[in-house]
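> Using only what follows, build the 3D model:
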Amino acid sequence: MGELPPVPEASGPGQRWWRSAERAVCVFQAWTGRRPRPTAVLAWSRDGRV
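Numbering: from 1, shown residues only. Purely as a prediction, here's the structure:
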């Protein structure tokens with residue numbers, strides 16, 4: 001899969017991004033007015049395989 005360098009300009013206090021030419025990963029936390037949600041991960045790839 002190769003190395004995924006961080007993308008600081010797209011990252012913030014509640015989310016972190018990493019990407020390569022073929023893949024992107026976002027790790028994030030979201031909060032509601034009542035309680036914190038667990039950490040979640042979204043992953044994308046150009047070829048549809050993550």
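
> So which bits of stretch 22-33 are buried?
Across stretch 22-33, burial judged by 16 or more other Cβ atoms under 10 Å covers Arg23, Ala24, Val25, Cys26. (C-beta placed from N, C-alpha, C; glycine too.)

> Kindly report the same for stretch 40-50.
Per 16+ other Cβ under 10 Å, stretch 40-50 contains no buried residues.

> Spell out the secondary structure type for Glu9.
What DSSP: H, G, I helix; E, B strand; the rest coil gives for Glu9 is helix.

> Contact partners for it?
If you count contacts by Cβ atoms under 8 Å, 6 or more residues apart in numbering, Glu9 has none.

> Please tell me how far it sits from Ala40.
21 Å (Cβ to Cβ, to the nearest Å).

> which residues does the most centrally placed residue in the chain contact?
Centrality entry for the chain: nearest residue to the mean C-alpha point is Cys26, 0.4 Å, by Cα atoms, centre = their mean. Applying Cβ under 8 Å, 6+ apart to Cys26 gives the contacts Gln15, Arg16, Trp17, Val41, Leu42, Ala43.

> go again using 6 Å as the cut-off
Gln15, Trp17, Leu42 (Cβ atoms under 6 Å, 6 or more residues apart in numbering).
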